[in-house]
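# fold the following for me, if possible:
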Amino acid sequence: MASTLLILSVAGTVIALVLVRPRGWHEAWWTCAGAAILLLSRVVDLRRAMAIAASSVDALLFLLGLLFLAALVERSGFFGWAALGCARMAKGNGHALYRNVFLLGALVTAVLSLDSTAVMLTPIVLALVTTLRVPVRPYVFACAFVANTGSLLLPMSNLTNLLVLHGLGVSFGAFALRMVAPQLLVLAANYAAFRLWFRAELPVRYDARALPDPTTAVRDPSFFRSSCAVVALVCVGSFIASAARLPPAWIALGGAGLLAGIGIAKARIGLAWLREVPLGVFPFVLGLFVIVAGVDQLGLVDRMGTWLPRGSPALAALTVAGGSAVLSNLMNNLPAALLVSRALRAAPSALWYVLAGTNVGPCSTTFGSLATLLVLTRARASGFEVRARDLLWVGLAVTPLLLLVAWGGLAMRL
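Okay, the predicted model is just below:
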């Protein structure tokens, strides 16, 4: 009984501290502190925690490669070039600008992961709209939501996809084919909902004359071209490696190493660029693994599978998606994905709906996903604060619709 209370109290306290971020300390401090308490008090079996972490090594290495790659691509000027290009293509049309930025966020999320949208793209988008003197709020919410809702398409789009991929037993290509329809439907619904929600804040026109040429963001055209080529090679190579049953993590790490070598040879990067890589995600995730192991020991996970409605596969799938979304908003989508996927490991088809809940669902709380936290942190650093209650209000209004759309899209494909 004492160990149960300790595990639950540590888990609850860690979630609260990550949400509040006292003194602005990084979220990893709190998950690692909680993990240390549980391990030192011996209420969590170290072998169980290590087994959970070991099952996710390939996913974490793949994410590491993508984060390094995204930081290198940012150094090439790609994100600035793309943002300026979106604005120039809109030709002063405020609604077209919002659409273009939304689509750019979806593309970056799909190819370079949601953390790249949060860390690399968000500050550039906010600087752009500030220069154009258009309201910032719709763009902060666009970045925060599309970093989550745009992460269904590819395994590399979200760490939750990589964590669940093994249980699905499919290749990268099969995953993408299954997810393409749900992804397009969710993005369309998200964009339409935001166009309606922010209709009073989106200007009809803006002054496009304030924009420089997109090429001004590119300091070294050859390094820029190399960055685009390496990203394309990593995408294609990941699918080939998965089909050949090779660890795709080495493709991402190899691509990052290749581009780093090109950047060093061209004197475009030094050790300082490492500060731009959000490596704090790894101690954050490792601390979460220990806390998840503690919750797993309580036996609650094994009971989740018995809570699904009987006799209606469609209702059971909707329950999985909705339950995963609620759990994500309460305790973050990474532990939610781990816990629910472990509970449903005997029902692989249900794991697709876990991804709907943990990718599309965690948009109502600042703690729902690490990407949401990163977007809001970048917005705060740019001088724009999003209150937790405002995010909750928008999330409660929009997220149920997006979940229904994702559920419907998956039901058609499955």
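# what mean pLDDT does the helix or strand residue 224 falls within get?
Element membership for residue 224 (DSSP states H and E) is helix 221-243. In this model, helix 221-243 has a mean pLDDT of 91.
# any residues touching that helix, and which ones?
Residues from elsewhere that reach helix 221-243 (C-beta atoms under 8 Å, 6 or more residues apart in numbering): 65, 69, 72-73, 75-78, 81, 111-112, 154-156, 171-173, 176, 215, 218, 247-248, 250-252, 254-255, 258-259, 262-263, 266, 268. Every C-beta, even on glycine, is put in place using the N, C-alpha and C of the backbone.
# now a ChimeraX select for only the buried ones of those residues.
The ChimeraX selection below is limited to those of those classed as buried (16 or more other C-beta atoms under 10 Å):
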select :65,69,72,73,75,76,77,78,81,111,112,154,155,156,171,172,176,218,248,250,251,252,254,255,258,259,262,263,268
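# circling back: any idea how far the next helix or strand after the helix holding residue 224 is from the chain center?
Downstream of helix 221-243, the first helix or strand assigned by DSSP H and E is helix 249-265. Its chain's C-alpha centre and that of helix 249-265 lie 22 Å apart, by C-alpha atoms, centre = their mean, to the nearest Å.
# and the next element down the chain from helix 249-265?
helix 281-297.
# which residues does that next one contact?
7, 10-11, 14, 26-28, 30-35, 38-39, 43-45, 48-49, 52-53, 56, 60, 63-64, 67, 115, 159, 301, 332, 334-335, 338-339, 342, 370.
# give me that answer again for 6 Å
For helix 281-297, contacts defined as C-beta atoms under 6 Å, 6 or more residues apart in numbering pick out 7, 11, 27-28, 31-32, 34-35, 38, 44, 48-49, 52-53, 334-335, 338.
# need the contact list for the spatially most central residue of the chain.
When the chain is reduced to its mean C-alpha position, the closest residue under C-alpha atoms, centre = their mean turns out to be residue 114, at 3.6 Å. Applying C-beta under 6 Å, 6+ apart, we find residue 114 in contact with 147, 151, 158, 371.
# can I get the residues you listed in TSV with pLDDT?
Formatted as TSV, the contacts of residue 114 follow (pLDDT from 0 to 100):
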residue	pLDDT
147	94
151	95
158	90
371	87
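# spatially, which two of the residues you listed are the most separated?
Across these, the longest distance by C-beta to C-beta is 9.1 Å; it joins 147 and 158.
# circling back: can you tell me which of the contacts of helix 281-297 are in strands?
Among those, none falls in strands (DSSP state E).
# on that earlier part again, inside helices: which ones of the contacts of residue 114?
By the criterion of DSSP state H, membership of the contacts of residue 114 in helices covers 147, 371.
# tell me the one of the contacts of residue 114 nearest residue 119?
Among the contacts of residue 114, and counting by C-beta to C-beta, the member closest to residue 119 is residue 371, at 8.8 Å.
# ok, now which ones touch that closest one?
Applying C-beta under 6 Å, 6+ apart, the residues near residue 371 are 114-115, 118, 147.
# which of these tops the neighbour count?
Neighbour counts for the contacts of residue 371, by other C-beta atoms under 10 Å, peak at residue 147, which reaches 31 neighbours.
# wait, what's in contact with that one?
Neighbours of residue 147 in contact, by C-beta under 6 Å, 6+ apart: 109, 114, 117-118, 371.
# apply 7 Å and report the result again.
105, 109, 114, 117-118, 371, 375 (C-beta atoms under 7 Å, 6 or more residues apart in numbering).
# next: residue 391.
Taking C-beta under 7 Å, 6+ apart, one finds 364-366 in contact with residue 391.
# mind doing that once more with 10 Å?
When contacts are counted by C-beta atoms under 10 Å, 6 or more residues apart in numbering, residue 391 touches 140-141, 144-145, 363-366, 368, 372, 376.
# ditto for residue 175
By C-beta under 10 Å, 6+ apart, the neighbours of residue 175 are 152-157, 161, 164-165, 168, 239, 242, 352, 355.
# please, which helix or strand holds it?
Following DSSP H and E, one finds residue 175 within helix 172-197.
# so for that helix, what gets flagged as buried?
For helix 172-197, by 16+ other C-beta under 10 Å, it's 172, 175-176, 178-179, 182-183, 185-187, 189-191, 193-194.
# by how many degrees do that helix and helix 221-243 diverge?
120 degrees (axes from the mean of the first three to the mean of the last three C-alpha atoms, to 10 degrees).
# please compute how far helix 172-197 lies from its chain's middle.
On the basis of C-alpha atoms, centre = their mean, helix 172-197 sits 15 Å off its chain's mean C-alpha point.
# repeat that for stretch 338-348.
So, by C-alpha atoms, centre = their mean, the centroid of stretch 338-348 is 20 Å from its chain's centroid.
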